[in-house]
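Participant: Sharing a model that was predicted from the sequence below.
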Amino acid sequence: MRDAVRGVAQHFPTAIVSGRCRDKVFNFVKLEELYYAGSHGMDIKGPTKVSNHKWLLGLSTQADEVLCQPATEFLPVIQEVYETLTAKMESIPGAMVENNKFCLSVHFRCVEEAEWDALGREVKAVLEDYPKLCLTKGRKVLEIRPFIKWNKGNALKFLLKSLGYAGRGDVFPIYIGDDRTDEDAFKVLRNMGQGIGILVTKFPKDTSASYSLREPAEVKHFYISFQREYMCIYIYVTYIK
């Protein structure tokens with residue numbers, strides 16, 4: 001998969017937009033030619049290694065340092081809530097609080113289903129004292145974020161603008177995701193009427209994406225086909241709407 005993503009990045013500007021901390025994502029992926037948007041897009045940095053697509057498009061061949069951190073003022077309160085929640089979750093076996101710098105993730109994938117409601121009540125009780133933080137739900141995870149108008153959709157728009165692609169009709173953005181929080185980016189593309197969103201799922205779901213892939217293995221084949229022959233990529237996708 002790493003080789004497949006590296007191959008795409010050689011031809012096209014490529015970004016990873018994640019709810020996890022940007023540094024964690026980079027340490028996992030280890031590709032310097034990508035744009036990384038961590039904490040649901042609240043921490044964005046450009047590549048530290050030049051990709052071939054810049055030369056092909058006639059862009060500057062110097063490494064970028066695109067940086068966006070719209071929630072810096074929330075760092076102290078995020079740390080405070082992290083410490084409080086970590087102590088609270090000790091009484092619920094399997095619960096884990098992850099500090100993603102500009103947001104927190106309370107994972108309950110390994111928690112007994114009978115304890116899910118109790119976990120949710122504990123998290124909500126803590127947040128009652130922090131009205132500037134909001135709570136959203138992902139796949140067996142509760143996400144705590146600053147109450148600002150910023151999400152993965154905003155990150156997508158920021159990246160397009162930073163790359164000089166905003167408002168251009170010859171640009172075709174593709175966004176692939178498998179989580180509820182990726183719907184914000186799917187909606188941006190649908191409202192633009194440009195590009196496509198691809199939801200990774202084995203089961204039918206309500207979504208703003210236009211296409212679907214069933215699993216990560218199909219995503220890898222999609223990337224590989226992108227490099228081989230751009231117009232043949234559609235053989236791997238199923239039309240939803």
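Facilitator: Sure thing, it's come through. Residues are numbered from 1 along each chain as shown.
Participant: For the lengthiest helix in the chain, C-alpha coordinates in CSV please.
Facilitator: The longest helix of the chain (DSSP state H) is helix 75-89. C-alpha atoms of helix 75-89 as CSV (Å, rounded to 0.1, in the frame of the first residue of the first chain):
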residue,chain,number,x,y,z
LEU,A,75,-4.2,23.1,23.1
PRO,A,76,-4.2,23.8,26.9
VAL,A,77,-7.9,22.8,27.3
ILE,A,78,-7.5,19.7,25.1
GLN,A,79,-4.6,18.6,27.3
GLU,A,80,-6.7,19.2,30.4
VAL,A,81,-9.6,17.2,29.2
TYR,A,82,-7.3,14.4,28.0
GLU,A,83,-5.9,14.0,31.5
THR,A,84,-9.4,14.1,33.1
LEU,A,85,-10.9,11.6,30.6
THR,A,86,-7.9,9.2,30.9
ALA,A,87,-8.5,9.0,34.7
LYS,A,88,-12.3,8.5,34.2
MET,A,89,-11.8,5.7,31.6
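Participant: For that helix, buried residues please.
Facilitator: The neighbour-count check on helix 75-89 (16 or more other Cβ atoms under 10 Å) flags 78, 81-82, 85-86, 88-89 as buried. Where C-beta positions appear, they are placed from N, C-alpha and C, glycine not excepted.
Participant: How is this protein divided into domains?
Facilitator: Domain assignment for the chain, taken from automatic domain parsing, gives 2-70+150-239, 73-146.
Participant: Columns mean pLDDT on top of the ones you listed, output as TSV?
Facilitator: As requested, these are exported to TSV (pLDDT from 0 to 100):
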stretch	mean pLDDT
domain 2-70+150-239	86
domain 73-146	95
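Participant: if we can go back for a sec, from the buried residues of helix 75-89, which single one is nearest residue 146?
Facilitator: Ranked by distance to residue 146 (Cβ to Cβ), those are led by residue 78 at 7.6 Å.
Participant: which parts of the helix or strand encompassing residue 137 are buried?
Facilitator: Here residue 137, judged by DSSP states H and E, is contained in strand 133-138. Using 16+ other Cβ under 10 Å as the burial criterion, the residues of strand 133-138 that qualify are 133, 135, 138.
Participant: Mind checking what helix or strand follows that strand in sequence?
Facilitator: Using DSSP H and E, the first helix or strand after strand 133-138 is strand 141-146.
Participant: Mind jotting down where the strands sit in this structure?
Facilitator: Along the chain, counting by DSSP state E, strands occupy 15-17, 35-38, 43-45, 67-68, 96-99, 104-107, 133-138, 141-146, 174-177, 196-200, 211-213, 238-239.
Participant: export the second one as PDB, just CAs?
Facilitator: In other words, strand 35-38. Only the C-alpha atoms of strand 35-38 are listed here, as PDB (Å, rounded to 0.1, in the frame of the first residue of the first chain):
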ATOM      1  CA  TYR A  35       0.500  16.500   2.400                       C
ATOM      2  CA  TYR A  36      -0.600  15.500   5.900                       C
ATOM      3  CA  ALA A  37      -3.700  16.900   7.600                       C
ATOM      4  CA  GLY A  38      -4.100  15.500  11.100                       C
END
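Participant: Show me what it is packed against.
Facilitator: strand 15-17, helix 22-29, strand 43-45, helix 152-162 (3 or more Cβ pairs under 8 Å, 6 or more residues apart in numbering; DSSP states H and E).
Participant: how far is the first one from where the chain is centred?
Facilitator: Here strand 15-17 is found 6 Å from its chain centre; the criterion is Cα atoms, centre = their mean, to the nearest Å.
Participant: Describe which strands it pairs with in its sheet and in which direction.
Facilitator: With DSSP bridges as the test, strand 15-17 is paired with strand 35-38 (parallel).
Participant: got the contact list for the partner strand?
Facilitator: 13-26, 29, 43-47, 64, 66, 100-102, 152, 155, 159 (Cβ atoms under 8 Å, 6 or more residues apart in numbering).
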